[in-house]
Every structure is written in structure tokens, then in C-alpha cells.
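>>> structure for the following, please:
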Amino acid sequence: MTWLGRLNSRARCTDRPGLLLPAFVLPPSAATPIPARTFFLTTSSAATMCHTLLPRDATRPLLVRDPIPPSLNCPRSTCQNMDPRHLWKNADAVCFDVDSTVIREEGIDELAKFCGKGDEVAALTKKAMGGAMSFRESLSMRLGIIRPTMSQIQEFIRSHPPTLSNHVKELISILHRRGTDVYLISGGFRSLISPVALQLNIPLQNIYANKMKFFFNGDFAGFDESSLTSSNGGKGKVIAELKRNFGYSNLVMIGDGATDLEACPPADAFIGYGGNVVREEVKRNAKWFVTDFRELIDALN
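The predicted model follows:
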């Protein structure tokens with residue numbers, strides 16, 4: 001692993017990451033990940049990058065969640081039985097989708113526009129969110145079109161700060177004051193979601209999302225397909241893990257898309273959100289559908 005130090009001669013190790021750009025980094029000639037470690041690099045750029053090198057048999061780092069063994073069941077969900085308004089008032093944890101929910105845009109669509117691939121990717125995003133194809137299939141196809149380099153990701157983060165949805169910051173502040181745990185669960189990428197979490201005072205360890213892979217020269221190398229959020233049903237598995245680990249009994253999922261809807265159960269309640277875009281399948285099947293987070297704030301009062 002002598003080439004590890006040649007990634008950036010100006011880099012230094014640090015245990016105080018700021019704005020994270022998580023990724024797998026592979027040497028240009030690698031067919032598969034090679035043995036190494038998880039570490040943080042601080043470079044001359046404005047962002048702090050988290051690079052992970054993994055062998056096939058390595059224990060995965062904390063940011064990549066293991067699948068839930070089927071024998072380990074989470075607490076029983078009340079999703080099919082209880083009034084979501086009642087559960088909302090008594091929520092001990094709330095999980096938000098990010099794209100078109102917490103923020104107004106679809107992060108991967110904005111990245112595609114930035115990389116000159118906007119029109120091609122927008123159509124695939126619409127199909128994925130409408131449930132017309134598997135999420136992993138759509139994600140792979142979209143990234144295969146964009147193929148962003150590491151430098152493009154860094155520049156995109158610097159030049160495209162996220163636009164928060166109306167009243168979401170106020171809502172999350174209220175949830176924090178009530179002692180409700182807040183999570184961001186997304187089929188997007190941690191590197192694009194970390195700035196959102198920082199704006200909302202959500203701990204970075206409360207983000208469950210995907211990670212891109214890059215070669216050491218900065219070229220795109222794919223994404224981590226072992227991440228739960230890279231596939232249909234992944235958000236539900238994350239929620240099952242949260243309930244099992246922390247004993248939540250009133251966990252609410254909020255989102256705009258089909259992958260959010262299918263997370264209940266194991267979520268105890270689902271609230272559909274259409275403040276930025278209305279997905280007809282979600283609106284039709286959600287027991288509670290809102291178009292402004294103000295309605296959820298008022299319901300807590």
C-alpha cells in the first residue's frame with residue numbers, strides 16, 4: 001500500500017471531520033477494492049473527504065449498514081392500524097427523506113445538470129420515484145450516465161448549496177426541542193446530504209445514504225451496492241435496525257416517493273409529502289398527505 005501516501009502529498013490525517021465527502025477510493029488499476037482502512041483527509045479544498053478502501057472480506061465501516069438478519073425482528077409496527085396524526089404527536093423518532101422532501105430539488109438531478117447530463121437523468125429519476133423500475137437499477141443507470149469525477153462533486157457542493165423546503169427547519173427544530181430523534185434516510189449520496197444535515201443541526205451519524213466510489217485519480221468507479229439504501233426496501237431495513245437498536249415505538253417516516261411509502265411498515269406511521277412534487281401513488285396510498293410542513297408543526301401544537 002505504498003501508493004496510499006501518493007493520493008495527495010498535502011493531505012494530513014485528522015479525527016475531526018467537517019463537511020464530509022464520503023467515498024470509496026480505488027487505485028486506477030484495481031478490479032476490486034484492496035485492503036486498507038477508513039480515514040479522513042484534510043486537503044487544501046474547502047471540504048473534508050472520507051475515503052474508504054475495502055477488501056471483499058473486510059468488516060464494513062460504520063457508515064455502511066449491514067443487512068438485517070431475518071431472525072432479528074424489530075418491534076411490531078402499528079402502521080396499518082393507528083391514526084398517523086396520533087402517532088405523529090407522540091413520535092419518539094422521525095425519519096425524513098431528503099430529495100424533494102427536506103430539500104426542494106432532487107440532488108442527483110442537480111448533479112446531472114451540473115455535469116451536462118440533466119435531461120437524460122431526469123427521466124430516469126421520474127421513473128424510479130414513481131416505482132416503474134427498481135431503485136438500484138435506476139441509480140446504477142443514472143450514475144452510469146453522469147460518471148462524476150471527485151473534483152466535480154467537490155465543485156458541485158461548493159457552488160450548489162441545498163435549498164430547504166418551506167418550514168422544514170422550523171419543524172426539525174421543534175422536534176429536537178421535544179426530544180424526538182431525527183434521521184435522514186435517502187437513496188441519494190452522503191456527500192450531497194451532509195451539508196443539509198449541518199444546516200438542520202442533525203448529527204452526521206444520523207444520515208443513512210449511499211456512497212460513491214472513486215479511483216485514486218478522481219475518476220468515477222461506481223457506488224457501494226452493499227448499502228441498504230441502494231435498493232428497494234432499503235429504507236425499511238434501516239428503520240427496522242433503528243427500532244431494534246433503540247427501541248422506538250412511535251417511529252414516523254416522511255417522504256415524497258415510493259421508497260418512502262414502502263418503509264411503513266416497519267415504520268409505525270407514514271406521512272406523504274407533496275410540497276415540491278406530488279407523486280400520485282404516494283398521495284393515493286398515504287393515510288396522511290401534506291403539502292406544507294406547517295401542517296405538521298400545527299399538529300404538534
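
>>> helices and strands around the host helix or strand of His86, which ones?
For His86, the element it lies in under DSSP states H and E is helix 84-89. Under the contact criterion of 3 or more CB pairs under 8 Å, 6 or more residues apart in numbering; DSSP states H and E, helix 84-89 touches strand 251-255, strand 269-273, strand 288-290, helix 293-300. (Glycine included, C-beta is placed from N, CA and C.)

>>> so which of those is nearest Ser165?
Proximity to Ser165 (CB to CB) singles out helix 293-300 among the helices and strands packed on helix 84-89, at 6.5 Å.

>>> what lies in contact with the closest one?
85, 88-89, 165-168, 170-171, 174, 178, 254, 271, 273, 275, 290 (CB atoms under 8 Å, 6 or more residues apart in numbering).

>>> so how many other residues sit close to the nearest residue to Asn90 once chain neighbours are set aside?
In space, and not counting its chain neighbours, Asn90 is closest to Asn250: 4.9 Å by CB to CB, 6 or more residues apart in numbering. Asn250: 19 surrounding residues under other CB atoms under 10 Å.

>>> what of the one 4 residues further on?
Burial of Ile254, expressed as a neighbour count using other CB under 10 Å, amounts to 26.

>>> surely it is in contact with Val98?
No. The pair Ile254 and Val98 does not pass the contact test of CB atoms under 8 Å, sitting 10.6 Å apart.

>>> ok, back up a step: between the contacts of helix 293-300, which is nearest Leu111?
Checking those one by one against Leu111 (CB to CB), the nearest turns out to be Ser165, at 18.8 Å.

>>> where does that closest one land on pLDDT?
We have a pLDDT of 93 for Ser165.

>>> residues in contact with it?
Contacts of Ser165 (CB under 8 Å, 6+ apart): Thr101, Val102, Ile103, Arg104, Gly275, Asn276, Phe293.

>>> dump those to JSON lines, plus neighbour count and pLDDT.
Shown next, in JSON lines, are the contacts of Ser165 (neighbours: other CB atoms under 10 Å; pLDDT from 0 to 100):
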{"residue": "Thr101", "neighbour count": "24", "pLDDT": "93"}
{"residue": "Val102", "neighbour count": "29", "pLDDT": "94"}
{"residue": "Ile103", "neighbour count": "25", "pLDDT": "93"}
{"residue": "Arg104", "neighbour count": "17", "pLDDT": "90"}
{"residue": "Gly275", "neighbour count": "19", "pLDDT": "85"}
{"residue": "Asn276", "neighbour count": "18", "pLDDT": "89"}
{"residue": "Phe293", "neighbour count": "24", "pLDDT": "94"}
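
>>> can you list which of these are found in helices?
Phe293 (DSSP state H).

>>> tell me which of the contacts of Ser165 is nearest to Tyr208?
Out of the contacts of Ser165, the member with the shortest distance to Tyr208 (by CB to CB) is Val102, at 13.3 Å.

>>> separation between that closest one and Val196?
6 Å (CB to CB, to the nearest Å).
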